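J.: the following comprises the amino acid sequence and a computationally predicted model.
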Amino acid sequence: MNVLYTAEATVTGEGRKGRGATSDGRLDVELSVPKGVGGDDGPGTNPEQLFAVGYASCFHGALKKSAREAKVNIDGSTVDAKVSLGKVDDGMSLAVELHVNIPGVSEEEAGKLVEAAHSFCPYSRATRGNIEVALSTSTS
């Protein structure tokens, strides 16, 4: 891999309950544990929320690239991500749902753009074969 960028972050405290910050100071967040996994649902964020924002952002960038290449206008498009944490036989795992809304294009065109984005997006590539990722689209 020809590295183009590396993000660096440090977490202190008790892992899921503590503080996370990037080396450049642009992100500095309190972390807390959701009630669903035994926490007190404190005021901070959690790894699943951070992953959802990261995946949605990355996927939207890949969607924009796919649209440019196809010469399709996707102004007003959005990507919603749901990241679920759950138990599996040998521990814990994640599942992702991505809902992509591309107003003003046909369902067929939206599907093609989403599939192209899914094949290109670094988050999709990293998760492929590791966790379930469900894709859905709308055009209104």
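T.: Cool, the structure landed.

J.: helix, strand or coil for residue 72?
T.: coil (DSSP: H, G, I helix; E, B strand; the rest coil).

J.: for it, phi and psi?
T.: Taking degrees, to the nearest 10, you get phi -120, psi 130 for the backbone angles of residue 72.

J.: same check on residue 22?
T.: The phi and psi values for residue 22, taken as degrees, to the nearest 10, are phi -90, psi 160.

J.: spatially nearest residue to it (excluding sequence neighbours)?
T.: Of all residues not flanking residue 22 in the chain, residue 9 sits nearest, at 4.8 Å (Cβ to Cβ, 6 or more residues apart in numbering). Any C-beta I mention is one placed from the backbone N, CA and C, and that applies to glycine too.

J.: relative to residue 51, how far out is the one you found?
T.: Distance of residue 9 to residue 51, computed by Cβ to Cβ, to the nearest Å: 13 Å.

J.: who's more crowded, the two?
T.: residue 51 (17 against 13; other Cβ atoms under 10 Å).

J.: and the more buried one, what's its pLDDT?
T.: Confidence at residue 51, expressed as pLDDT, is 98.

J.: isn't it right next to residue 94, touching?
T.: Yes: look at residue 51 against residue 94 with Cβ atoms under 8 Å: they come within range, at 7.3 Å.

J.: overlap of the contact sets of those two?
T.: Taking Cβ atoms under 8 Å, 6 or more residues apart in numbering as the contact criterion, the common neighbours of residue 51 and residue 94 are residue 83.

J.: mind listing the strands for the chain?
T.: 9-13, 18-22, 28-31, 78-88, 91-101, 132-138 (DSSP state E).
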